[in-house]
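Participant: here are the coordinates; sequence isn't available:
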């Protein structure tokens, strides 16, 4: 019988270390970011192969957990198979606090290598405002056109902040 990983702190208001047990049964001090990173990895493994579009909130919550905390922009793609099950999700480009460069050729190439039938594009706004810029809208249309040439559907583009998300599909922008 497996014993669950345990967490403990001596005082929630202090900066006492979190104690975790690794796979070998050894205990060590972990930083809160280590725990969050492990939780994100666990969530991604759990979602892999699952139907990812049964509820738009599922996708939005997943992405907010994945990149909402970042202090720099990233642009990524959730790759989906023909039944909209997640193949993988990955950040493809990293930028500064207010912008990132996205190369459509690289997105198309990655979709072909992943054998994606559909994708959900995403990026974060560290500023805290989920409103898409004109550049965000233009990029979405450019990627949609490029991916349609290789039969990959763009289902959504989600802008993520630490507290909220904005869906292009829900706004009728896709």
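Facilitator: Here it is on my side, so go on. Bear in mind the structure is a predicted one, so any value in this text is a computation, not a measurement.
Participant: Residue 119 belongs to a strand?
Facilitator: Yes: applying DSSP: H, G, I helix; E, B strand; the rest coil, one finds residue 119 inside a strand.
Participant: Just list whatever residues bridge to it.
Facilitator: When bridges are called by DSSP bridges, residue 119 pairs up with residue 79, residue 154.
Participant: Same check on the one 5 residues further on?
Facilitator: Assessed by DSSP bridges, residue 124 has beta-bridge partners residue 160.
Participant: Tell me who's in contact with it.
Facilitator: 67, 68, 70, 73, 74, 159, 160, 161 (Cβ atoms under 8 Å, 6 or more residues apart in numbering). C-beta coordinates here come from the backbone N, C-alpha and C atoms, glycine included.
Participant: I'd like the distance between the most centrally placed residue in the chain and residue 106.
Facilitator: The centroid of the chain falls nearest to residue 63 when counting by Cα atoms, centre = their mean (3.8 Å). Residue 63 is 20 Å from residue 106, where distance means Cβ to Cβ, to the nearest Å.
Participant: can you check residue 58 too?
Facilitator: Using Cβ to Cβ, one gets 27 Å for the distance from residue 58 to residue 106.
Participant: In the helix or strand encompassing the residue nearest to the centre of the chain, which residues are buried?
Facilitator: Element membership for residue 63, per DSSP states H and E: helix 56-67. Across helix 56-67, burial judged by 16 or more other Cβ atoms under 10 Å covers 56, 59, 60, 62, 63, 64, 66, 67.
Participant: I appreciate the help and will end here.
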